[in-house]
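S.K.: only the shape, not the letters, is given here:
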């Protein structure tokens, strides 16, 4: 296994330790619940926003905690939902008079943990609301989901809802905003290679030297089809042909375009993909008003990329343009 | 070849097109010279800073152009020095009454192109000074160098010199500052895998499934030794044992610590490495005052990492803490 790892069972804990050591003033690590939280949370004057999912998707979500984004993230182990007591205890620790917002990607395991954790925390007097992200157009009813999967588009939900929470928006307003952003966000990804979970020590699936998986999930779930490897422009065109008609995004729309790397793809290749995607969208009469090129939601060391579009309006642009400071960068 | 690529000969041009399309207000792309430059450069009131090197090390250096960093970068093809006319023409386009500073990593090809380009530009009346970066402790007199190689430590030189230039420092002051930062910066890297240059289409070197290359160069040059693969903490310890005694960094020193990914290593693993490196330095009595975890200077899709230390003083910290805005992030 060609990875930087000590004991695979300590992989997540050691990563979270590193994040906390690198951000001593702004982030706090609570090992019992894999919890990374803002040192200034909870704040009585704002809703607390918590994301939980499996690990292995970094920078989502433990590196998206910070001012203007998440108040906390409580991931499970690699590609595993957080246990419900992580959700319960995190929700209690982050409890604010204005409430706690759970942001969840649509996977059955995550939903179950968050539903149960929410119910238990509510029984202890914490007000909780939920926003579910399901932006992946590749398949419905995937290996680990009923309905569509939540993938890199969750960045936009976190960003807009996080900005509004920082401004003091109440929890009903955040639910409205989060659902609105999710409703205009669509993503599809594809893999050039598998990924290797540390505890498994070998690739999660096999992909031939001349093959790619179109519509792959961020846990290596099967996509729409396995194909012969195409060139970069053809791959972008296939992704656009899946994403654009789904909403649909139309001539005259202002959009945000994200090219997200899945972990093992260098940023040079991501910009190469971006260039063609940008040109194709403009050729279809859309205006790429904002862009995001880099790693936002990965699948360990998988080589591959996803393409996300968001239909913009003034309210969403305002949230995307607001300042945010996380462990890895200023957005 | 498992990469996003169209025509390998257009790889760099297509990447640069993507960068320019993603940053229409701040960056300008001049295809004739692979030039990415600030739209507001040259500025009569500041020294222009130009970096040139091979491509394939992104975000270095084409994604490090922006306010508070570089004024321009004119890379060659993948792992190839820029032709001297790129250096000449870029220097003329960026000419400022305050002069032009060339930042170069110490590789024979880059030095030759920059020496000749400088001489030709000077003949046309452009004032040019040079700062050379050679932070890699792994080997001296490597495959492509006389003396030590310049690697990820160049980030710190760019950042501090870029901040001072933005404040109006004159060119002699920038040369002094750049040389000073380089003199207290040391790096060593190691590879878990080779990388695949687009035009070659196959890995640059072979590395067994249970092997690693300790002290690897960013073009896949041989390092100090090939070893059996060790666990993450042992790898960090080996890097520290090479880097710390070289300056040396000593008890009581305030340092910046960078864990730089080489392109194919996920950020979760980089934070895992960071945690152990931070703890080890503190255990040796040093204080990690600033940290940098992510990709700064890569080797295409190579899995691996480098560790850089900088001995800090007030002047260097001031430069590192100053605002900077580049294509990929705000530092």
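M.R.: Happy to help now that I have it. Values in this document were obtained by computation on a predicted structure and should not be read as measured data. Numbers count the residues shown, from 1 in each chain, chains lettered A, B, ... in the order given.
S.K.: okay, and the residue nearest to residue A:300 when sequence neighbours are not counted sits in which element?
M.R.: Spatially, and ignoring its direct neighbours in sequence, residue A:300 is nearest to residue A:195 (3.9 Å; CB to CB, 6 or more residues apart in numbering or on different chains). Bear in mind the C-beta positions are built from the backbone N, C-alpha and C, glycine included. Using DSSP states H and E, residue A:195 sits in no helix or strand.
S.K.: now do the contacts for residue A:195.
M.R.: A:56, A:203, A:204, A:220, A:262, A:263, A:264, A:299, A:300, A:301, A:302 (CB atoms under 8 Å, 6 or more residues apart in numbering or on different chains).
S.K.: pLDDT check: weakest of those residues?
M.R.: Minimum pLDDT across the contacts of residue A:195 is recorded for residue A:220, with 89.
S.K.: how about that residue, what does it touch?
M.R.: Taking CB under 8 Å, 6+ apart, one finds A:191, A:194, A:195, A:204, A:205, A:299, A:302 in contact with residue A:220.
S.K.: what do you get for residue A:209?
M.R.: residue B:2.
S.K.: where does it sit: helix, strand or coil?
M.R.: Here residue A:209 takes the coil state, with states given by DSSP: H, G, I helix; E, B strand; the rest coil.
S.K.: phi, psi of it?
M.R.: Taking degrees, to the nearest 10, you get phi -60, psi -20 for the backbone angles of residue A:209.
S.K.: what's the answer for residue A:94, then?
M.R.: Per degrees, to the nearest 10, the backbone of residue A:94 is at phi -100, psi 10.
S.K.: quick one, what contacts it?
M.R.: Applying CB under 8 Å, 6+ apart, the residues near residue A:94 are A:37, A:41, A:42, A:48, A:50, A:71, A:72, A:100.
S.K.: flag every residue of the stretch 1-150 of chain A that's near chain B.
M.R.: With CB under 8 Å from any CB of the partner chain as the criterion, the stretch 1-150 of chain A meets chain B at residues A:2-6, A:11, A:14-19, A:21-22, A:55-56, A:58-59, A:63.
S.K.: if we can go back for a sec, and the contacts of residue A:220 as TSV, adding secondary structure?
M.R.: Formatted as TSV, the contacts of residue A:220 follow (three-state DSSP):
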residue	secondary structure
A:191	strand
A:194	coil
A:195	coil
A:204	coil
A:205	coil
A:299	coil
A:302	strand
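S.K.: what's the most distant pair in those?
M.R.: Maximum pairwise distance among these (CB to CB): 11.1 Å, between A:205 and A:299.
S.K.: more neighbours, these two?
M.R.: Set residue A:205 next to residue A:299 and count neighbours by other CB atoms under 10 Å in any protein chain shown: residue A:299 wins out with 29 against 14.
S.K.: residue boundaries of the strands in the stretch 51-200 of chain A?
M.R.: A:66-67, A:72-73, A:100-105, A:128-133, A:185-191 (DSSP state E, counting those that start in this stretch).
S.K.: so residue A:276 sits against residue A:232, correct?
M.R.: Yes: Residue A:276 lies in contact with residue A:232 (CB atoms under 8 Å); the separation is 6.7 Å.
S.K.: any residues in contact with both of the two?
M.R.: Residues touching both residue A:276 and residue A:232 (CB under 8 Å, 6+ apart) are residue B:14.
S.K.: any weak-confidence spans in chain A?
M.R.: A:330-331 (pLDDT under 70).
S.K.: near chain B, which residues of the stretch 201-331 of chain A are found?
M.R.: So far as CB under 8 Å from any CB goes, the stretch 201-331 of chain A lies against chain B at A:209, A:229, A:231-233, A:235, A:263-276, A:278-279, A:288, A:291, A:293-295, A:298, A:300-301, A:303, A:305, A:328-330.
S.K.: would you list every one of the strands in the stretch 201-331 of chain A?
M.R.: Using DSSP E, counting those that start in this stretch, strands in the stretch 201-331 of chain A cover A:211-214, A:225-228, A:254-261, A:287-294, A:304-311, A:325-326.
S.K.: which strands or helices does the fourth one pack on?
M.R.: In this structure, strand A:287-294 packs against strand A:254-261, helix A:267-283, helix A:314-321, helix B:11-22, with contacts taken as 3 or more CB pairs under 8 Å, 6 or more residues apart in numbering or on different chains; DSSP states H and E.
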